[in-house]
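1. Only the shape, not the letters, is given here:
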């Protein structure tokens, strides 16, 4: 087991990474109060891992809430079901929420913990690559709104992240690849040596070689922990982790949440953002092609859906990163060096969307 | 105009108290970004004060969301309407929410601001006595759940509180008295000299004498600001402000939110909590009678509704202050000195409820 730390003063917390961590009772024990535990998980993960987690919590008062699989669970009715179960079980302010699942479960359960009785603690037990390398770290929680993804949420840091890479053994191929999109994002936005490592080792990740997966999870968590420590609430550098996300969120919204996996939308979004970086005179065409090639080798979509660029642009104007109605973009100043830029000509944005489809 | 300050490090903020403040543009100007303003108010307050507030915000991009009057507006469908209006207007992270109204509007709008795009700033413009002396200060925001009041919420401090005592001129008598319950609560729980002042001046408050109202609002805000600065998230001393609230919340839940005004329920709750303090051997019967007499002089209910004590006890077990399923009570160690105590015999609780009805 390797442990990193997200440094946030009194809200600092560890990330534990390794094989077989989920069943280790000593990782949960420091966080168990007298107030009971609510495990939030989904219908796919529950049969695989819920018994193991419940065993590790033996002795505590535990309830579980099993929500449907998929992005559509990040809605109010599902969240209200979680609240209802917690209230029916009289979970108090000294209770604990454990998120057992992927990014959807982590976002939903984390937001439930953030606002239940004005906030109770939670622990992330991510079971997908996407959640282990990205969404379980940093305290972003949210549900979706009909008018946009993650529009209702909170910054609420977990007490701990327990990333059991053994859980990736049961991950469907499509979700593994979607998680790889976020791995590649970390490298392309922040770290050229890691990008070179990925270019040399992406097939090992696709074949689920345990050492390669552990390394990739650790490197992403290191990069993310550093960023989150410096800018918890995304007033600056943290926005760089949204490379590909302004386009990606628009793709998810335009196609109805769930048709494209988040990582798939972000993959196409990164190609668009790279193309826009070329048009903004920041990187070369071969740079953009390099990003696209790695995503393609990972089996990820590199073109957006068959949707008019105008519709995507309209959706982007409602994105959370829009300041005073103007969309800002995370672009590449160089491969491995992202920057947040405003004042981008809408015509260039349209061209970048079109170019990504070619 | 008098100004106090709630000291909370980087989240410190001013409370401005005085007549005619609502229309003073310079009080809002420091908080207006480029991202637009959403005023949340209700159907009763809007015709009275919305034009004045909009005038003070002239030049800013302003939308307003008018919700129904009453406690039932603190529900998810109403909150979602607020989100929908904010998203439709493309209010960004650099936007501002202004809560114009009483406690319900403040709680609802504050919670909307707390979770909209993971949190944007807000300003409280309280128009009721209850909101001016209590709910607008301290950052507690929430909506209700079918299983309990204020069960879903956040601590989210405002950027400023602008308490215009002129707004109390239009307040219905019943709501003025309900606000007085929270004024009396501050005195009984925390400050004997203020209690003596109230005993000498309560009729002036009932007759809405402006100087008396200003003094009472200021003294309550001073007391509350001190408590909130010491314990923002209610892990200790802040719980003392909940004197009467454990019983009061149960009364509100048992009667359906809205039948009793919050302050009315808290009034009867304070009588019950005083009776329980007598039974716990903490204060004398004349002490409890003193609290009851002041509430009665203020035209407030001093007995609970015709509901079985067992039902109230059951509802209290689900209260947020319940730790590990055990209810703790804010009791009086002396008049003017509240304390949080657990391990209270349920039989005494029942006796206190019965005694309050006599």
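-> Cool, got the structure. Bear in mind the structure is a predicted one, so any value in this text is a computation, not a measurement.

2. after the helix ranked longest in chain A comes which helix or strand?
-> Identified as the longest helix of chain A according to DSSP state H is helix A:210-230. Using DSSP states H and E, the helix or strand that directly follows helix A:210-230 along the chain is helix A:245-254.

3. any residues touching that following helix, and which ones?
-> Contacts of helix A:245-254 with the rest of the structure, by CB atoms under 8 Å, 6 or more residues apart in numbering or on different chains, involve A:71, A:148-150, A:260, A:262, A:265-270, A:272-273, A:304-305, A:307, A:311-313, A:315-316, A:319, A:321, A:327-330, A:353. C-beta here means a position set from N, CA and C on the backbone, and glycine is covered the same way.

4. and the closest residue in space to residue A:31 that isn't next to it in sequence, how many neighbours?
-> Leaving aside its sequence neighbours, residue A:31 sits nearest to residue A:159 (CB to CB, 6 or more residues apart in numbering or on different chains; 4.9 Å). Neighbours of residue A:159 under the rule other CB atoms under 10 Å in any protein chain shown: 18.

5. Quick check: residue A:159 touching residue A:113?
-> No. Contact criterion CB atoms under 8 Å: residue A:159 and residue A:113 do not qualify, at 9.8 Å.

6. Need the overlap of contacts for those two.
-> With CB under 8 Å, 6+ apart as the test, residue A:159 and residue A:113 both reach A:121, A:122.

7. other SSEs contacting whichever helix or strand residue A:288 is part of?
-> If you go by DSSP H and E, residue A:288 is part of helix A:285-297. On a contact count with 3 or more CB pairs under 8 Å, 6 or more residues apart in numbering or on different chains; DSSP states H and E, helix A:285-297 meets helix A:173-190, helix A:192-206, helix A:262-279, strand A:329-334.

8. how about 10 Å then?
-> helix A:173-190, helix A:192-206, helix A:262-279, strand A:329-334, helix A:346-356 (3 or more CB pairs under 10 Å, 6 or more residues apart in numbering or on different chains; DSSP states H and E).

9. How about the residues of the stretch 1-150 of chain A by chain B?
-> A:33-36, A:61, A:76-77, A:79-80, A:83-84, A:86-95, A:111-112, A:114-120, A:139-143, A:145-148, A:150 (CB under 10 Å from any CB of the partner chain).

10. buried subset of the residues you listed?
-> A:33, A:35-36, A:61, A:76, A:79, A:83, A:86-87, A:89-95, A:111-112, A:114-120, A:139-143, A:145, A:148, A:150 (16 or more other CB atoms under 10 Å in any protein chain shown).

11. follow-up on the earlier one: so the next helix or strand after the helix holding residue A:288 versus helix A:245-254, what angle?
-> Counting by DSSP H and E, the element after helix A:285-297 in chain order, helix or strand, is helix A:309-316. Here helix A:309-316 runs at an angle of 110 degrees relative to helix A:245-254 (axes from the mean of the first three to the mean of the last three CA atoms, to 10 degrees).

12. What residues sit buried inside helix A:309-316?
-> A:309, A:312, A:313, A:315, A:316.

13. who does that helix touch, helix- and strand-wise?
-> helix A:245-254, helix A:262-279, helix A:346-356.

14. Which of the ones you listed sits closest to residue A:181?
-> Residue A:181 sits nearest to helix A:262-279 of all these, at 3.7 Å, using CB to CB.

15. Briefly note if that closest one comes near chain B.
-> No. Using CB under 10 Å from any CB, helix A:262-279 stays clear of chain B, with a minimum separation of 16.9 Å.

16. model confidence over that helix, on average?
-> Helix A:262-279 shows an average pLDDT of 97 in the prediction.

17. Buried residues in the longest helix of chain A, which are they?
-> Buried residues in helix A:210-230, counted by 16+ other CB under 10 Å: A:212-225, A:227-229.

18. so what secondary structure elements neighbour it?
-> For helix A:210-230, the packing partners by 3+ CB pairs under 10 Å, 6+ apart come out as strand A:2-6, strand A:13-18, helix A:129-130, strand A:160-164, helix A:173-190, helix A:192-206.

19. Any buried residues in the longest one, and which?
-> Neighbour counts using 16+ other CB under 10 Å place A:175-190 of helix A:173-190 among the buried residues.

20. which residue lies farthest from the center of chain A?
-> Largest separation from the mean C-alpha position in chain A: residue A:59, at 31.7 Å (CA atoms, centre = their mean).

21. can I assume that residue is in contact with residue A:29?
-> Yes. Between residue A:59 and residue A:29 there is a contact under CB atoms under 10 Å: 9.3 Å.

22. Need the buried ones from the contacts of helix A:245-254 selected in ChimeraX.
-> Here is the ChimeraX command that picks out the buried ones among the contacts of helix A:245-254, judged by 16+ other CB under 10 Å:
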select /A:71,148,149,150,260,262,265,266,267,268,269,270,272,273,304,305,312,313,315,316,319,321,327,328,329,330,353
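
23. what's the first-to-last distance across stretch A:231-244?
-> End-to-end span of stretch A:231-244 (CA to CA, to the nearest Å): 19 Å.

24. List the buried residues of it.
-> Under 16+ other CB under 10 Å, the buried positions of stretch A:231-244 are A:231, A:232, A:234, A:237, A:238, A:239, A:240, A:241, A:242, A:243, A:244.

25. and the two most separated of those?
-> A:232 and A:244 (21.5 Å).

26. Could you check stretch A:150-170 and say which residues are buried?
-> By 16+ other CB under 10 Å, the buried positions in stretch A:150-170 come out as A:150-168.

27. Distance of residue A:20 relative to residue A:55?
-> Distance from residue A:20 to residue A:55, counting by CB to CB, to the nearest Å: 13 Å.

28. ugh, typo on my part, it should be residue A:211
-> Remark: distance between residue A:211 and residue A:55 (CB to CB) = 27 Å.

29. Could you tell me which ranges of the stretch 151-300 of chain A sit under the pLDDT cut-off?
-> Of all residues in the stretch 151-300 of chain A, none has pLDDT under 70.

30. and the residue of it nearest chain B?
-> Nearest residue of the stretch 151-300 of chain A to chain B: residue A:153, at 4.6 Å (CB to the nearest CB).

31. Next, that residue: secondary structure please.
-> Under DSSP: H, G, I helix; E, B strand; the rest coil, residue A:153 falls in the strand class.

32. right, and it touches residue B:119 too?
-> Yes. Between residue A:153 and residue B:119 a contact is recorded at 8.3 Å, counting by CB under 10 Å.

33. helix/strand/coil for the residue farthest from the centre of chain A?
-> The three-state label given to residue A:59 by three-state DSSP is coil.

34. Contacts only, for it.
-> Each residue near residue A:59 by CB atoms under 10 Å, 6 or more residues apart in numbering or on different chains is listed here: A:25, A:29, A:32.
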